[in-house]
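>>> coordinates only, no sequence provided:
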């Protein structure tokens, strides 16, 4: 097992990027479920703040995970290689997660931002909001499963 302060710092950064990136995506799912309850539900102002227009930069930390992972492999003094099973499995799981985030979560999140900030409560937005919220909740749940699988793979190193 690699040791040293540099490797340990990289490992902490890799894990932190994964926790923050996936955590932000999971939180988006929670907030989408809350948004689906409408503008008169408790906590609606918090939902409105969460879905203010802009990029979910915390969720984009998902892109730092493989970069830091490959830096870890390079800094491992050949204890690990890019061809190791757990590295390949982790990369495949990351590709699944990035695909779900790019194809489902972030586009729906942008639509929810518009609906919540500009048209929340309009009768014609209810169906659109419910559809996008449901998509985000399902996708965030899938991302949670992917994250748990990645943790098992990275810790177990099969």
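Thanks, I have the structure now. All values reported here derive from a predicted model rather than from experimental measurement.
>>> what pLDDT does the closest residue to residue 82 other than its chain neighbours get?
Using CB to CB, 6 or more residues apart in numbering and skipping residues adjacent in sequence, the residue nearest residue 82 is residue 73, 5.7 Å away. (C-beta placed from N, C-alpha, C; glycine too.) Note for residue 73: predicted pLDDT of 95.
>>> now do the buried residues in the helix or strand hosting residue 73.
Taking DSSP states H and E as the criterion, residue 73 maps to helix 64-74. For helix 64-74, burial by neighbour count (16 or more other CB atoms under 10 Å) applies to 64-66, 68-69, 71-73.
>>> which other helices and strands does the next helix or strand after that helix contact?
Sequence order places helix 85-100 as the next helix or strand after helix 64-74, per DSSP H and E. When contacts are defined as 3 or more CB pairs under 8 Å, 6 or more residues apart in numbering; DSSP states H and E, helix 85-100 packs onto helix 64-74, helix 126-156.
>>> check contacts around residue 115.
Residue 115 makes contacts with 125, 128-129, 132, as judged by CB atoms under 8 Å, 6 or more residues apart in numbering.
>>> do the same with residue 43
Residue 43 is in contact with residue 34, counting by CB under 8 Å, 6+ apart.
>>> could I get the phi/psi values of it?
Dihedral pair for residue 43: phi 80, psi 10, per degrees, to the nearest 10.
>>> tell me how far it lies from residue 132.
Look at residue 43 and residue 132: by CB to CB, to the nearest Å, they are 18 Å apart.
>>> can you check residue 110 too?
Counting by CB to CB - residue 110 and residue 132 are separated by 9 Å.
>>> who has more neighbours out of those two?
Shown here are residue 110 and residue 132; by other CB atoms under 10 Å, residue 132 has more neighbours (24 against 16).
>>> nearest spatial neighbour of the more buried one, chain-adjacent residues omitted?
Counting by CB to CB, 6+ apart, the residue nearest residue 132 is residue 108, at 4.3 Å.
>>> and whichever strand or helix holds that neighbour, what's buried?
Under the criterion of DSSP H and E, residue 108 resides in helix 106-118. Judged by neighbour count using 16+ other CB under 10 Å, the buried positions of helix 106-118 are 106, 108-116.
>>> again, but for stretch 140-148
Result for stretch 140-148 [16+ other CB under 10 Å]: buried residues 140, 142-143, 146-147.
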